[in-house]
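I would like to see how this sequence folds:
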Amino acid sequence: MIDFPLKFEVKADATPGVSTTWQCSANNLDPIKMSLPLEFHGPGKAYTPEDLYGLAVLNCIFAVYKAISEKNNVVFEKIEGSVQVFLDKKHENGNLVITKLDIKFLVTGAKDKEKARTFLEKAIKDCPVSNSIKAGKTYHIDIS
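A predicted model of the protein is given here:
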């Protein structure tokens with residue numbers, strides 16, 4: 001049994017300047033190199049906050065899908081995914097906001113394609129990261 005609520009802590013440190021990179025980490029794991037995106041005049045040679053946002057959603061769904069699949073004996077060879085993160089300005093105040101996520105999944109080697117699809121749809125609905133965001137989400141699922 002899992003004792004809720006759970007708590008996760010991440011850390012980062014940075015020095016001034018848009019062209020400098022910084023580091024972030026979690027759970028004493030190897031640090032991840034970060035930067036501003038090229039679109040914001042950053043160096044673009046490291047992960048951006050927008051990258052991590054998309055990766056958080058994608059990998060949360062993967063984690064939930066893997067857990068559901070194992071629990072329900074859903075056999076598949078591989079799950080692949082991609083997320084396009086759309087950023088725009090709010091017209092009323094000019095603030096930047098992530099407006100949409102376009103998410104694609106490909107599950108290959110599924111023995112029972114219908115089960116594989118059903119449980120991926122359940123994983124999408126159960127992902128706590130995705131459930132916590134306001135941006136619109138579009139899902140495309142391909143099972144083979």
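
what's the burial count for residue 120?
For residue 120, the tally of surrounding residues (other Cβ atoms under 10 Å) stands at 26. Glycine gets a C-beta too; all of them are placed from N, C-alpha and C.

distance of it from residue 57?
14 Å (Cβ to Cβ, to the nearest Å).

same check, this time on residue 76
Taking Cβ to Cβ, one finds residue 76 at 20 Å from residue 57.

who has more neighbours, those two?
residue 57 (24 against 21).

ok, residues contacting the strand or helix carrying that one?
Using DSSP states H and E, residue 57 sits within helix 49-71. Defining contact as Cβ atoms under 8 Å, 6 or more residues apart in numbering, one finds that helix 49-71 is touched by 32, 34, 37, 47, 74-76, 79, 81-85, 87, 98, 101, 103, 105, 116, 119-120, 122-124, 126-130, 133, 137.

what element comes up after that helix heading to the C-terminus?
Following helix 49-71 in sequence, per DSSP H and E, is strand 78-89.

mind exporting that next one as CSV, just the C-alpha atoms?
Extracted C-alpha coordinates of strand 78-89, given in CSV (Å, rounded to 0.1, in the frame of the first residue of the first chain):
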residue,chain,number,x,y,z
LYS,A,78,7.8,-1.3,-27.0
ILE,A,79,6.0,1.9,-26.4
GLU,A,80,7.3,5.1,-28.1
GLY,A,81,6.0,8.6,-27.8
SER,A,82,6.5,12.2,-28.7
VAL,A,83,5.1,15.5,-27.5
GLN,A,84,4.9,18.8,-29.3
VAL,A,85,4.7,21.6,-26.7
PHE,A,86,3.0,24.8,-28.0
LEU,A,87,3.8,28.1,-26.3
ASP,A,88,2.0,31.4,-27.0
LYS,A,89,1.2,34.8,-25.5
